[in-house]
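Novice: Sequence isn't available, so here's the structure alone:
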């Protein structure tokens with residue numbers, strides 16, 4: 001039996017949240033999505049997430065929320081990060097950090113799905129070795145007899161994301177990159193033993209498309225042109241949803257297909 005897993009790229013601010021709420025329920029029904037993962041680390045004003053926003057995204061159809069280096073930018077998240085197993089932070093940040101970096105969930109049809117969240121180390125906030133960290137998570141999934149495994153690689157460098165993709169080739173079902181907010185065109189099935197892994201370097205951004213990765217163009221241009229600080233407010237209008245959809249054999253955890261997802265949304 002095949003299951004369909006949807007992953008949506010970084011939700012940016014109110015425009016991104018409204019796009020998910022408006023678009024995801026219909027898409028889930030139309031494409032018969034079994035499990036949906038949403039990266040929500042930029043969902044609160046462009047940086048962080050709050051309990052209310054997490055609830056709204058879950059109600060809209062997200063089964064798990066991943067994040068990245070901005071997960072603790074909004075202090076309100078600390079009210080739920082320990083108690084809400086569906087909200088993940090990078091597993092390779094400090095072992096003293098609150099929350100968890102991986103979880104095991106179940107589809108309506110009874111398939112176990114493991115989701116892990118790792119952060120890169122190149123040109124981004126310091127973190128422990130993501131390769132070692134994800135290996136430990138895979139051991140946990142194996143011990144729990146989880147065959148369908150999804151990994152959000154939140155990293156700046158495309159080379160590091162691709163390297164982690166090859167590291168997980170044949171060992172994970174679906175590996176996708178987040179953080180850079182620009183959807184890449186390299187979706188493919190990586191070969192591996194005992195089977196393939198659906199992979200894309202970056203899912204892209206869910207939010208205002210006519211912007212600089214979700215921020216107002218005038219503010220970013222002014223800062224880059226003059227070298228002076230500016231408030232990088234979230235942009236408005238022309239909202240899009242970006243991500244990827246993987247088809248996975250539930251019995252083996254091997255990916256059969258992957259396709260990019262992109263839609264303009266009136267929200």
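Specialist: Thanks, I have it. The structure presented is a predicted model; accordingly, all values stated were derived computationally and were not measured.
Novice: which residues touch residue 186?
Specialist: With contacts defined as Cβ atoms under 8 Å, 6 or more residues apart in numbering, residue 186 is in contact with 199, 200, 201. Just so you know, the C-beta spots here come from the backbone N, C-alpha and C atoms, and that holds for glycine as well.
Novice: Regarding it, which helix or strand does it belong to?
Specialist: Here residue 186 sits in a region with no helix or strand, counting by DSSP states H and E.
Novice: Are there helices or strands packed against the one helix or strand in the chain whose mean pLDDT sits lowest, and which ones?
Specialist: The weakest-scoring helix or strand in the chain, judged by mean pLDDT, DSSP states H and E, is helix 217-226 (a mean of 91). Contacts defined by 3 or more Cβ pairs under 8 Å, 6 or more residues apart in numbering; DSSP states H and E place helix 217-226 against no helix or strand at all.
Novice: That one: which residues count as buried?
Specialist: Using 16 or more other Cβ atoms under 10 Å as the test for burial, helix 217-226 gives 219, 220, 223.
Novice: Regarding the residue lying closest to residue 209 once chain neighbours are set aside, what is its secondary structure?
Specialist: Nearest residue to residue 209, sequence neighbours excluded (Cβ to Cβ, 6 or more residues apart in numbering): residue 240, at 4.4 Å. Classification of residue 240 using DSSP: H, G, I helix; E, B strand; the rest coil returns strand.
Novice: check contacts around residue 240.
Specialist: By Cβ under 8 Å, 6+ apart, the contact list for residue 240 reads 19, 205, 206, 207, 208, 209, 262, 263, 264, 265.
Novice: Show me those that map onto helices.
Specialist: Among the contacts of residue 240, DSSP state H puts residue 19 in helices.
Novice: any weak-confidence spans in the stretch 101-250 of the chain?
Specialist: Scanning the stretch 101-250 of the chain with the threshold set as pLDDT under 70 gives 194.
Novice: what ranges do the helices span in it?
Specialist: In the stretch 101-250 of the chain, the segments counted as helices under DSSP state H, counting those that start in this stretch are 130-143, 158-167, 217-226.
Novice: mind putting those helices in a markdown table, distance to residue 35 included?
Specialist: Output for these, formatted as a markdown table (distance: least, Cβ to Cβ, whole Å):
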| stretch | distance to residue 35 |
| --- | --- |
| helix 130-143 | 15 |
| helix 158-167 | 20 |
| helix 217-226 | 35 |
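Novice: Of the ones you listed, which is nearest residue 98?
Specialist: Residue 98 lies closest, by Cβ to Cβ, to one member of the helices of the stretch 101-250 of the chain: helix 130-143, at 16.7 Å.
Novice: For that closest one, what is the distance to the chain centroid?
Specialist: Its chain's C-alpha centre lies 18 Å from the corresponding centre of helix 130-143 when counted by Cα atoms, centre = their mean, to the nearest Å.
Novice: Give me the contacts around that helix.
Specialist: 91-92, 101-102, 104, 114, 116, 118-121, 149, 151, 153, 155, 160, 164, 167-168, 171-172.
Novice: How about residue 120, nearest residue that isn't a chain neighbour?
Specialist: Nearest residue to residue 120, sequence neighbours excluded (Cβ to Cβ, 6+ apart): residue 155, at 2.6 Å.
Novice: before we move on, the earlier item: of the contacts of residue 186, closest to residue 232?
Specialist: Nearest to residue 232 out of the contacts of residue 186 is residue 201 (Cβ to Cβ; 24.1 Å).
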